[in-house]
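*Asks:* have a look; sequence and predicted model below, questions after that.
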Amino acid sequence: MHLIESGNVAAATGVKLSRAQVIAAYPITPQTPLTEKLSEFVAEGSLTAEYIPVESEHSAMAVCIAASSAGARAFTATSANGLLYMNEQLHWAAGARLPIVMCVANRGIGAPWTVWNDHQDSISQRDGGWIQLYANDHQQIIDTVIKAFRLSEIVSIPVMVCYDGYLLSHTYMPFEAPDQDRVDAFLPLFSPKNKLDPDQPSNFNTVTLPDVRPDVRGNLAPGYMEIRHTLHQDMRNSMEVLKDIDQAFLDAFGRGGTPFVEPYRCDDVEHVVVCMGSLSYHMRDVIDQLRSEGVNVGVMGVQLYRPFPDQAMVSALSGKRSVMVFEKALSYGNQGALYADIKSALYNVDRRPLISNHILGLGGREIKTQHLYDAVKQACGNPETLGDTPHWIGLKCQAS
Amino acid sequence: MKSDDFACMISRSEPGPGDGGRTGSWRVQRPVIDTAKCIPAKTGKPSCFTCWLFCPDAVVTKTIPPTIDYVYCKGCGICAEECPAGAISMEDESRFITEENDKGCI
């Protein structure tokens, strides 16, 4: 069925089709219409789930942790400061290996207050052990939500599905909602590997000591470091699973084929612009214009940020003359996080491209196509002069 | 890769003695019950058992007299604090170490 709806409704429809069993969420702009839509689905009976209105995002994630531990398919969604309020529970969910799916409608972080879009919220959570997927339009939002449940339940790692607040969450766009029976065939019911079970009482995530120690039967049990090492290895291996899931989705629904990065007109180009989220589609207009003017440039969207698809980055960017990383977030006092990660991935390649960092759109600052055009054109013209310091685009004044 | 290939090392354990290791080695002071003052020991009746009730590690038995499992007792001192008869004293662990090392208890 084709719908013309908001990005939040695309996400809610994906959650409904995925038959989430427990939904706990606290409203925060711009995520609110997503959870409102889910509560409507539950109230009208079109989604059989327990909808738990909680008093905070910390509680929302705590409920998802409990539900997932009990073997239920759990979902929540948030934005910005709400995501930060979950922080402690986010790390817990990952360490406890619970396959929770969460949508993040990306929004800038206060202070000062902003409700508008940038990527600082989810980027600031990159090191917690969650898989992070970024959607570029409404179709990708609904498709990514469905894929995220299958991915998280195979690898036992929670997954964030991130999409731009307002730019996607509140704009209307046509997308296809797959039929329920086809989603059911793609996404089997959740059968957890480990869950709370009265017939087999277990302690989960009790205190570990610095060293390994024997369990009650005298067998050596893994300690903190072994458990965390396993999480890291599984994060790395989850890329292979994501690739398979993306292929299975492509076979079943005819969409996908770019699980890690999504290049546009990047074949045999000299320069590549890299960005995340809807900006990578916005940038396509600029690329088309520049190509018509003879500038040899393409754009690549990043759809998987954690685990970091370093091999995909190397394959796509090695040998190019220059790479320009446009980001709506940064690691304050250093550089853009995506920029630093890409630079690190390219360190060992034989033909290392020149690379530059461009910060824009913070707190929803309008990203004008002209600004993008000027910045990309200038960077392609003189990539040697750009240096390692982030260039700020759209800054109107500076402290003197 | 299948789901069986993932989450092969998690923190999951069965409830039971020793899940936290031999925590008796953490002890600095040892609770010692004076059976001349202990109510169930003195009266021979199943009564009081405040030490059993309060022990956070379930190492005190509900028996006459109550006994303490020193392999797991961490020496927190709650039993001594709560005993209404003042029958439990906390004694310097170093007094016992040589003797129990010989028995292989620690």
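*Replies:* In hand now; what should we look at?
*Asks:* for the rest of this, base every contact and every neighbour count on C-alpha atoms.
*Replies:* Will do.
*Asks:* what about stretch A:249-266, how long is it end to end?
*Replies:* 24 Å (CA to CA, to the nearest Å).
*Asks:* can you list the neighbours in contact with it?
*Replies:* Applying CA atoms under 8 Å, 6 or more residues apart in numbering or on different chains, the external contacts of stretch A:249-266 come out as A:147, A:178, A:182, A:186, A:242-243, A:246-247, A:272, A:284, A:297-304, A:309, A:312-313.
*Asks:* which of the residues you listed count as buried?
*Replies:* Buried members of the contacts of stretch A:249-266, counted by 16 or more other CA atoms under 10 Å in any protein chain shown: A:147, A:178, A:186, A:242-243, A:246-247, A:272, A:284, A:297-304, A:309, A:313.
*Asks:* so which of the residues you listed reach chain B?
*Replies:* Among the buried ones among the contacts of stretch A:249-266, no residue sits close to chain B (CA under 8 Å from any CA of the partner chain).
*Asks:* please flag which of these sit within helices.
*Replies:* A:147, A:186, A:242, A:243, A:246, A:247, A:284, A:313 (DSSP state H).
*Asks:* just put those in a markdown table and tack on distance to residue A:115 and pLDDT.
*Replies:* Below are those laid out as a markdown table (distance: CA to CA, whole Å; pLDDT from 0 to 100):
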| residue | distance to residue A:115 | pLDDT |
| --- | --- | --- |
| A:147 | 28 | 98 |
| A:186 | 36 | 98 |
| A:242 | 32 | 98 |
| A:243 | 34 | 98 |
| A:246 | 32 | 98 |
| A:247 | 36 | 98 |
| A:284 | 26 | 98 |
| A:313 | 32 | 97 |
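*Asks:* what's the farthest-apart pair in the residues you listed?
*Replies:* The largest separation in those, counting by CA to CA, is between A:186 and A:284 at 31.4 Å.
*Asks:* report the central residue of chain A.
*Replies:* residue A:133 (2.8 Å; CA atoms, centre = their mean).
*Asks:* pretty sure that one contacts residue A:158?
*Replies:* No: using CA atoms under 8 Å, residue A:133 makes no contact with residue A:158, being 11.1 Å away.
*Asks:* the lowest-mean-pLDDT helix or strand in chain A - contacts with which helices or strands?
*Replies:* Ranked by mean pLDDT, DSSP states H and E, the weakest helix or strand in chain A is strand A:213-214, scoring a mean of 85. Applying 3 or more CA pairs under 8 Å, 6 or more residues apart in numbering or on different chains; DSSP states H and E, we find strand A:213-214 packed against strand A:220-221.
*Asks:* any idea of the mean pLDDT in the strand it packs on?
*Replies:* Across strand A:220-221, pLDDT averages out at 90.
*Asks:* what helices or strands is it leaning on?
*Replies:* strand A:213-214.
*Asks:* which residues of chain B score low on pLDDT?
*Replies:* B:99-106 (pLDDT under 70).
*Asks:* are we agreed that residue A:355 is in a strand?
*Replies:* Yes: counting by DSSP: H, G, I helix; E, B strand; the rest coil, residue A:355 is located in a strand.
*Asks:* I'd say it and residue A:323 touch.
*Replies:* Yes: taking CA under 8 Å as the definition, residue A:355 is a contact partner of residue A:323 at 4.7 Å.
*Asks:* so which bits of chain A are right by chain B?
*Replies:* A:96-97, A:153-156, A:193, A:201-208, A:213-216, A:222-223, A:226-227, A:230-231, A:234, A:240-241.
*Asks:* swap the cut-off to 7 Å and go again
*Replies:* By CA under 7 Å from any CA of the partner chain, the residues of chain A that approach chain B are A:97, A:154-156, A:201-206, A:213-216, A:222, A:227, A:230, A:234, A:241.
*Asks:* picking that back up, of residue A:355 and residue A:323, who's got more company?
*Replies:* residue A:323 (29 against 25; other CA atoms under 10 Å in any protein chain shown).
*Asks:* phi, psi of the more buried one?
*Replies:* phi -130, psi 130 (degrees, to the nearest 10).
*Asks:* specify the beta-bridge partners of it.
*Replies:* Beta-bridge partners recorded for residue A:323 (DSSP bridges): residue A:272, residue A:355.
*Asks:* who are the contact partners of it?
*Replies:* By CA atoms under 7 Å, 6 or more residues apart in numbering or on different chains, the contact list for residue A:323 reads A:271, A:272, A:273, A:353, A:354, A:355, A:356.
*Asks:* do the same with residue B:13
*Replies:* Counting by CA under 7 Å, 6+ apart, residue B:13 touches A:202, A:203, A:204, A:215, B:19.
*Asks:* switch the cut-off to 10 Å
*Replies:* Residues in contact with residue B:13, defined by CA atoms under 10 Å, 6 or more residues apart in numbering or on different chains, are A:201, A:202, A:203, A:204, A:205, A:206, A:215, A:216, A:217, A:221, B:19, B:20.
*Asks:* and the strands in chain B?
*Replies:* B:12-13, B:29-33, B:88-92 (DSSP state E).
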